[in-house]
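> Pasting the sequence and the predicted coordinates here, then a few questions.
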Amino acid sequence: MGKLMVLTLLGAGLALIGERLVALRQRTNASREVEPVEPQSCHLIEGLENGSEDIDILPSGLAFISSGLKYPGMPSFAPDEPGQIFLMDLNEQNPRAQALNISDGFDKASFNPHGISTFIDEDHTVYLYVVNHPHMKSTVEKFKFEEQQRSLVHLKTIKHELLKSLNDIVVLGPEQFYATRDHYFTNFFLVLLEIIMDLRWTYVVFYSPTEVKVVAKGFSSANGITVSLDKKCFASGMFCLRSLK
């Protein structure tokens, strides 16, 4: 009787895992055939060989690019090199990527940039907010952009218990932003289980110096996030999230 119970539970467990794997393939369109597309006027931008995770473009045409992300369980193009923020001027006929210098006093050796977002103050000062994963933790780094020097001055590191496993960020004002948590667990094998079982425990969090709270939850993986020009609609993944606050 005991062996029968064990075999029954094992069979039920395998059936559940099999059903979840099939559902995962359907959610990710893993079986979809991709039609090849020939690039028209595209050309390779040198200097970004370590990957490009996110991009944010200023009204002036200057673009910030985060590069060199190291993620648990994923291959890295340069595992022994820190991440970088690159700058491109899209007004140029042949834009090139230029690595920005970062001010002293910031731990550049463990810099592991993910999502980024810019904010322009009333005095036209540009601030860059970067989701960082130093030592596989999650922080948000606030930088001031010095255009003439082509550099970033580190101003502040933002931490909070709700700012874990962060992916992307969209800034609304001085130290006011929404950020996405793409996984609930941090252990790689538990993350795999989370994905397979489609636990939907990830969320979008609002941060300000006076208030931090979860504003939307129930996502399989809250990933990229952006905001409409009128700041009335926030999109994360395939969802439009209105009136998050």
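Happy to help now that I have it.
> tell me the centre residue of this structure?
Centroid check for the chain by C-alpha atoms, centre = their mean gives residue 167 as the closest residue, at 2.8 Å.
> Let me see the contact set for residue 158.
139, 140, 141, 142, 175, 207 (C-beta atoms under 8 Å, 6 or more residues apart in numbering). In this view, the C-beta of every residue, glycine as well, is placed from N, C-alpha and C.
> For this structure, which residues score under the pLDDT cut-off?
Within the chain, the stretches falling below the threshold (pLDDT under 70) are 1-30, 231-245.
> if you set the cut-off to 50 instead, what comes out?
238 (pLDDT under 50).
> Break down it into its helices, ranges please.
For the chain, the helices defined by DSSP state H occupy 2-27, 188-197.
> which one is the residue nearest to the centre of the chain nearest to, not counting chain neighbours?
residue 182 (3.9 Å; C-beta to C-beta, 6 or more residues apart in numbering).
> repeat for residue 43
Distance criterion C-beta to C-beta, 6+ apart; nearest residue to residue 43, sequence neighbours excluded, is residue 94 at 7.5 Å.
> ok, how many other residues are close to the spatially closest residue to residue 95 that is not a sequence neighbour?
Take residue 95 and drop its neighbours on the chain: the residue closest to it by C-beta to C-beta, 6+ apart is residue 88, 4.6 Å away. Residue 88 has 20 neighbours, counted by other C-beta atoms under 10 Å.
> How about residue 90?
Residue 90 has 11 neighbours, counted by other C-beta under 10 Å.
> How many neighbouring residues does the nearest residue to it once chain neighbours are set aside have?
Nearest residue to residue 90 in three dimensions, chain neighbours excluded: residue 61, at 4.5 Å (C-beta to C-beta, 6+ apart). Residues near residue 61, counting by other C-beta under 10 Å, number 12.
> how near is residue 61 to residue 89?
Distance, residue 61 to residue 89, by C-beta to C-beta, to the nearest Å: 6 Å.
> and what of residue 200?
From residue 200 to residue 89 the distance is 41 Å (C-beta to C-beta).
> likewise residue 201?
41 Å.
> In terms of packing, which of these two has more residues around it?
residue 201 (17 against 12).
> who's in contact with that one?
Residue 201 sits next to 184, 194, 217 when contact means C-beta under 8 Å, 6+ apart.
> Ok, residue 218 next?
Counting by C-beta under 8 Å, 6+ apart, residue 218 makes contact with 200, 203.
> what about 10 Å?
200, 201, 202, 203, 239 (C-beta atoms under 10 Å, 6 or more residues apart in numbering).
> Tell me how many other residues surround the fourth one.
I take that to be residue 203. Residue 203, neighbours per other C-beta under 10 Å, totals 20.
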